[in-house]
Structures are given as C-alpha cells and as structure tokens.
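show me how the following folds:
(4 chains)
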There are 2 protein chains.
Amino acid sequence: MPKIAIGLNAVIAAVTDEVPRILTVRRPGPDTSHGAGAEDALPFGPLDPENDRTLDRGLRRWVREQTGIELGYVEQLYTFGDRDRDPAESRGRPRIIAVAYLALVREREREVAGQARWLDAYEFFPWEDWRAGRPEVIDRAIAPTLARWTAGTPSALARRERRERADIVFGLGGAAWDGERVLERYELLFEAALVPEAWRAAPGSGTPALPAATLPGRPMAVDHRRILATALGRLRGKLKYRPVVFELLPPTFTLLQLQRVVEALAGVRLHKQNFRRLIENGGLVEGTGRHHPATGGRPAELFVFRRDVLRERPAPGVGLPGIRRVS
Amino acid sequence: MPKIAIGLNAVIAAVTDEVPRILTVRRPGPDTSHGAGAEDALPFGPLDPENDRTLDRGLRRWVREQTGIELGYVEQLYTFGDRDRDPAESRGRPRIIAVAYLALVREREREVAGQARWLDAYEFFPWEDWRAGRPEVIDRAIAPTLARWTAGTPSALARRERRERADIVFGLGGAAWDGERVLERYELLFEAALVPEAWRAAPGSGTPALPAATLPGRPMAVDHRRILATALGRLRGKLKYRPVVFELLPPTFTLLQLQRVVEALAGVRLHKQNFRRLIENGGLVEGTGRHHPATGGRPAELFVFRRDVLRERPAPGVGLPGIRRVS
DNA sequence: CTCTTTATGCTCATCATGAGCATAAAGAGG
DNA sequence: CCTCTTTATGCTCATGATGAGCATAAAGAG
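Numbers count the residues shown, from 1 in each chain, chains lettered A, B, ... in the order given. Reported below is the predicted structural model:
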C-alpha cells in the first residue's frame, strides 16, 4: 500500500457580473455520521503517474473529464502537504500531497457539467471585498474577536506580537490594507479560531471564538479555503505585473468592463480616468474603432488585448494603487 | 511497490564576497557506465510521510542531518513532476515528484559538513550577471546560436514567434533586460539545445547546438538547473517587495554591504546615492550610531534591519530599477 | 429639448526616480 | 602637518508617474 498519493486541486476562476466566481463541488462532510450534511470543496482529481506526462496535463485531463471545461491559462500555486491537512487521513490512509493550481476561464465557459457550481469568492472571504467600502464584518466580528484573542494571551511579548500581526494583516491600528495578504489573513483567523476549519482540524482542542452563525465567511472542506486564499492572493499580486486579466475577458471589451473585472479581483474601486490612462499608455490594449451597444450612456469603444506587449514592457500589468514601495 | 515518491529539493543560498553562492553536492552522473564522472546537484532528501508533520519540517530535518545547517528562512518554490524529469526513472522505478524550496542563510553558516560545497550561482548562469556590463557570453555564444535556431525553423509564423521570444527574454532586439526572467531564459536555451540537459533528457533526439566546451554555463544533474533558475528568478522578484535580503546579512551592516548583496542577487549595479535614499526613507533600516572599521575611506555607519517595518509599509523591499509598469 | 448616464480628454499638484555635483571623514605617503 | 585617495553622505534638479478632479462628448429616456 502506498504511503503517499498525489492529488491535484484546481481553483478555477471566472468573473461574471463583477463577481469573481470559483468553481466548487459538493462533497460529504467529515461528520456525515452525525448527519452533518455536505461541504463545499474545490474540484480535485488524482494524478495518473503512468499516463499524465506532466502535472498540469493531469489537471487538464481530469478537469475536462469531470466538468467538460477545457482549461486555458493554468498556473501552479502551491503544494500542500501537512500531515494533518485532512484529519480523516491519520487513520492509516495514505498521506495525500495536494498540488494546487489556479486556472482562469472566460464567462462563456461558465456552463459546467456534473455537480459543480460557481460560487462568489467573497462568500468565502467577505472581509476581502472593499469595493463598497470597508466591509462591516471586520469591525463587527473580526476586529473585536481578534482583540479578545490578543488580550487572552499570557505573555506580554506574545501579546504585542499578536496585536501587531493583526494590525498589519487586517489594516487595523492605522496600518494600510494590503490586498495581497489574503492568505495571511485567513491563517490569522484560523489561529484565532474564527473559522470552523480550525477546530475541525484539531477537534476538542479549542472553542469557537464566536457562535457559529456569526463566523465570518463560508467554510470549505479540509484545507480548501486555505488553498483558495492562496489563489486569490496570488492572483491579486499577478494582476499588477502580468496581463492575466485578459484571460477572464471576452476578446473585445470596453475599458470599463476591464476595470470592473480588475476591481472584482482586487476587491477595491479604482479611479476611472486614471485607470484609462494607465491602461492606454501602458500599451496593453488597442482600440478597434467599433463601439459597444450603449450601456446607458455614450457608447464605449471596444478594445482588444495586444498580445505583443510583452515585447516592449518587461512587466506589463494593469496597475493598482498602492504599489509604491516607499510612501 | 509505490508508483509515486515525494522528494524535497533545496536551493540553499548565501552571499559571500559579493558572490551569490549555492549549496551543491556531487553525485554520480547518468553515464557512469561510460565512465563519465560525477555531476553537480542540488541537495535532495526524501519526505518521511510518517514523521514529518509538514513538508518544510521534512526539509529542515534532512538538511540538518546531511549538512549540519539549521535553516532559517525557507520558502516553497515549485513542484516539479514531469514524468521525464529523470530519464533514468522511466524504467520501472517510481515517479518522483520534487517539491523544491528556497532557503537563505548567512555567511557564518557557510561551513558545511559532508560532501556539500558552495558554488557561484553565476557559474550555472553566466548570462545572468550584468554587474560588469552585458555578459560577453550573450553576444559570443547565445545570440548567434539562437539566431541560427530561429532561422532553421520551417514555418514563418513559428520563426517570428521564436525570434520575438528570444528578443524578449534575452533583451536582444532593443528589448529591455528583465532580471526576473531567469527561468524563461533557461528554458529557451533548453529548447534551443544550448544546454546539455536538453539532449540528455531526450537522447538521440537532437544535436548539441554548440561544441560542448563553448556551451554557456555549468550543467547540473537532472532538472536541477531548472530548479535553480526558478529559485534565482523568484528571489530577484521577491527582493523588490519583501525584505528578504536581510536574511543574508549579518545583524549589523553598512549600506554598501547591503547594496552589494542586493546587486549580487539582482545581477546589476545600482546607483549608490539613490540606493541609500530608497533604503533610508523606506524605513527598512535604522542607524546604530556605531561605525564600521574603515574599509578604505570614511567609516560607514552600521545599520540594523527594523523588524517592525512590516507594520507601516504594505510591501517593503529594497527597490531595484525598472520596476515601473509604464515607461 | 432637457435630463441622465457613461465615455473620454485634460490639467495640476505631489511624489518617486535617475543622474550627478559637492562635501565629509578616514588612512597612506610624503 | 599637508596632500592625495578612497569611501560615505548630503543635496539638487529634471523627468516621469500618480492621485484627484473639472470639463466636454455622445448616447437614450422622457
């Protein structure tokens, strides 16, 4: 019996109607014996060591088989191999190492086969969406609980460290919000027992920090929310220096459509005119002369992505505010 | 018999005397039967699925056991799982998935046990070191061979594509040099049969593009040079937005020492006064008032890294030229 | 014809960056 | 002690990028 198996996890993302959507599947929860229903999970498939020449071919193969989606842009994210990833594993089953991938697909490919469905990424991370201002869940639930968690720490040094960490990652004590720290935020919530995954991983080792109904964000199976956090953080970072947004857009688009997709992923609103300027003299796009059937005002020009930008600019991206290293 | 095994590869880096050094081991080459001596390889160790709770603990364990080094900063790089990674594998042995890590250590830890030794990273990638100007190997060997490779392509479309790619990654046709594209450059050389690893992977499938003696850079075992390229590219990128250099420096250092380490990794020279300015008002360091025993001129102040920068700046790094997204 | 809505053009202050001049503070050699 | 060399450090200036907002254009709705 093999002691180790390789699994391939996919975070498949699209943006529709200004909502970043993630492909999820339902699977039986760990407490099925207690009758505790199903959980959301990321689609998952095995590597066929004999026939899949590369890991990402293996991924594409089973995604095609399971959902009918033919993946385009695919990027390896991270390999998760903690022994306690899946508590169920400890009992003699092989240890599963999960190689996680991020895939970007266009709206058109939304229709999927099987039991898969698209869910709003911000259902899982409500604190990450600042487009309508500071999310209220931060001040209502997260900040106070983190404060209690910090206060309940015996050592003064550890207390200070925890407070600083909370301030930094959640932008609390006047610190700036950094959109890319999605994973750090999730991990902090995990440690502070603000997500059910935390006490599921180590049953009996702690108490939920809040009543279940007020916990922030929808949980996922095993460590899948951690994988999703890794994906969102990585995608937000990549937006800035690689033209990945275009993987999510139709072949032609207006600048506002482009902006909305960027905003949906970055979780912030951007200044419209400056965004235009950045994109236009960044040489990333090219006007087609054609116009979009009016969306309520003056018709907008349709643009296409210039595939040859890469030649001119070393690191083309769509530019987000706050990239400066020195303020 | 297990079909799959997990290996952990480590790129352990230090900077000494302005040279970025990588810990390597010697291991018997694939052609040992032909008497073709040993190869350089990255240190490698197995994961113990029973006892290593996490992958990076496994890594730390065997690095400690094999070399005596206690790793500090460790970061997962990438998971390499191509079936043909190691040609020797195809014959019935299990497929090895390699999870590669980057570790940074200080000069002091240079002394290592066992058969490990430190080698200049630029021996493997001579085209990556631009500190003394454009490396001559580019114009002497790489550019002409790539030109031949391009010219020998039947389809005009493919020809154009190859030329563009060569221009972009090697900064040839007036394109800018992007220090981070280390992996893309190595992969291009691989495809163009400019590295011995290429025809070793697919024996008989092609001819060396150049006589062995003039091939650029020192080869490594299996796909280890690819892993090293991944590491160098990632490190160069990370320098810009995370204070990782300080992992490589002694607790106190002068600004010039800091600059030299950054330059060694980035492979470019920086403007001294501007570098100072960037570092100083970046708030990354703090003067100690003490001074360095003169190194030939006016004594330089000793600085320490301010661990609490993270609090103030979302993405502190040491700043390299050419980060602008729009020129 | 007017109002509303979105698109697009343009200006301006501020800040970051690249380049280089100038001065300071040490040791070496006379 | 004086001068030269070397590295450290301070400062200026032109240029370009960014953040903010005003103004005009072009469509549909009423």
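
for chain A, what's the longest helix?
helix A:224-241 (DSSP state H).

any residue of that one touching chain B?
Yes: under the criterion of Cβ under 8 Å from any Cβ of the partner chain, chain B is reached by helix A:224-241 at A:240-241. For glycine as for every other residue, the C-beta is placed from the backbone atoms N, C-alpha and C.

so which bits of that helix are buried?
Along helix A:224-241, these residues count as buried under the neighbour rule (16 or more other Cβ atoms under 10 Å in any protein chain shown): A:224-241.

now swap in stretch A:40-60 and tell me
A:40-45, A:47, A:49, A:52, A:55-56, A:58-60.

quick check, the residue in chain A closest to DNA strand C?
The nearest approach of chain A to DNA strand C comes at residue A:297, 2.1 Å away (Cβ to the nearest atom of the strand).

how about the contacts made by residue A:254?
Contact analysis of residue A:254 by Cβ atoms under 8 Å, 6 or more residues apart in numbering or on different chains lists A:292, A:295, A:300-303.

and for residue A:212?
By Cβ under 8 Å, 6+ apart, the neighbours of residue A:212 are residue A:196.

most centrally placed residue in chain A?
Residue closest to the average C-alpha location in chain A (Cα atoms, centre = their mean): residue A:232, at 2.6 Å.

mind listing what that residue touches?
Applying Cβ under 8 Å, 6+ apart, the residues near residue A:232 are A:20, A:121, A:125, A:128, A:182, A:265.

in terms of helix, strand or coil, where does the last one fall?
The reference is to residue A:265. With DSSP: H, G, I helix; E, B strand; the rest coil as the basis, residue A:265 sits in helix.

quick check: it vs residue A:122, distance?
Separation of residue A:265 from residue A:122 (Cβ to Cβ, to the nearest Å): 11 Å.

the more surrounded of the two?
residue A:265 (24 against 21; other Cβ atoms under 10 Å in any protein chain shown).

for the longest strand along chain A, which strands pair with it and how are they oriented?
In chain A, with assignment by DSSP state E, the single longest strand is strand A:4-16. Sheet pairing for strand A:4-16, assigned by DSSP bridges, gives strand A:19-28 (antiparallel), strand A:44-46 (antiparallel), strand A:95-104 (parallel).

give me the sheet partners of the helix or strand following the first one and which way each runs.
Think strand A:19-28. For strand A:19-28, the following helix or strand on the C-terminal side (DSSP states H and E) is strand A:38-41. According to DSSP bridges, strand A:38-41 has the following sheet partners: strand A:19-28 (antiparallel).

identify the contacts common to residue A:265 and residue A:122.
Joint contacts of residue A:265 and residue A:122 (Cβ under 8 Å, 6+ apart) are residue A:20.

just flag the most distant two among the buried residues of stretch A:40-60.
Distance extremes for the buried residues of stretch A:40-60: the farthest pair is A:40 and A:49 at 28.6 Å, using Cβ to Cβ.

any regions of the stretch 1-150 of chain A where pLDDT drops low?
A:1-2, A:30-36, A:87-92, A:107-111, A:113 (pLDDT under 70).

residue of it closest to DNA strand D, please.
Counting by Cβ to the nearest atom of the strand, the stretch 1-150 of chain A gets nearest to DNA strand D through residue A:130 (13.7 Å).

so that residue, which state does it fall into?
Applying three-state DSSP: residue A:130 is coil.

any idea how many residues pack against it?
Residue A:130: 17 neighbours (other Cβ under 10 Å).

I'd like to know how far it sits from residue A:178.
Relative to residue A:178, and taking Cβ to Cβ, residue A:130 is found at 11 Å.

touching both of these two, which residues are there?
Counting by Cβ under 8 Å, 6+ apart, nothing touches both residue A:130 and residue A:178.

sketch out the strands for chain A, chain order is fine.
A:4-16, A:19-28, A:38-41, A:44-46, A:73-80, A:95-104, A:117-120, A:252-253, A:285-291, A:301-305.

neighbours of residue A:137, just the number please.
For residue A:137, using other Cβ under 10 Å, the count is 18.

wait, isn't it in contact with residue A:210?
No: contact criterion Cβ atoms under 8 Å: residue A:137 and residue A:210 do not qualify, at 11.1 Å.

so residue A:257 touches residue A:249, yeah?
Yes: using Cβ under 8 Å, residue A:257 is in contact with residue A:249, at 6.7 Å.

distance-wise, check the closest residue in space to residue A:231 that isn't next to it in sequence relative to residue A:48.
Excluding its sequence neighbours, the residue lying closest to residue A:231 (Cβ to Cβ, 6 or more residues apart in numbering or on different chains) is residue A:11, at 3.9 Å. Counting by Cβ to Cβ, the gap from residue A:11 to residue A:48 is 21 Å.

likewise residue A:131?
From residue A:131 to residue A:48 the distance is 41 Å (Cβ to Cβ).

tell me the contacts of residue A:78?
Per Cβ under 8 Å, 6+ apart, neighbours of residue A:78: A:100, A:227, A:230, B:76.

can you check residue A:225 too?
A:124, A:186, A:195, A:197, A:217, A:219.

need the strands paired with strand A:4-16 in CSV (columns: distance to residue B:26).
Below are the strands paired with strand A:4-16 laid out as CSV (distance: least, Cβ to Cβ, whole Å):
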stretch, distance to residue B:26
strand A:19-28, 46
strand A:44-46, 36
strand A:95-104, 29
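
and these, which is most packed in?
strand A:95-104 (a mean of 23; mean count of other Cβ atoms under 10 Å in any protein chain shown).

and the stretch 151-300 of chain A, which residues reach chain B?
A:164, A:167-168, A:175-178, A:180, A:240-241, A:278, A:281-282.

sorry, that was for the stretch 1-150 of chain A
A:2-6, A:47, A:49-50, A:52-55, A:76, A:78-79, A:81-84, A:94-95, A:97, A:99.

would you check how far apart the nearest residue to residue A:246 once chain neighbours are set aside and residue A:275 are?
The shortest distance from residue A:246 to any non-neighbouring residue, by Cβ to Cβ, 6+ apart, is to residue A:305 (4.2 Å). Separation of residue A:305 from residue A:275 (Cβ to Cβ) stands at 16 Å.

have a look at those two and say which one is more surrounded.
Higher neighbour count among residue A:305 and residue A:275: residue A:275, with 21 against 18, using other Cβ under 10 Å.

just the buried positions in stretch A:117-124, please.
Within stretch A:117-124, judged by 16+ other Cβ under 10 Å, the buried ones are A:118-122, A:124.

what about DNA strand D: which of the residues of the stretch 151-300 of chain A next to chain B touch it?
Here is what survives when those are matched to DNA strand D using Cβ under 7 Å from any atom of the strand: residue A:278.

can you say which of the residues of the stretch 151-300 of chain A next to chain B are buried?
Buried among these by 16+ other Cβ under 10 Å: A:164, A:167-168, A:175, A:177-178, A:180, A:240-241, A:278, A:282.

which ones are touching residue A:210?
Residue A:210 touches A:141, A:145, A:194, counting by Cβ under 8 Å, 6+ apart.

same check on residue A:233?
By Cβ under 8 Å, 6+ apart, the neighbours of residue A:233 are A:180-183.
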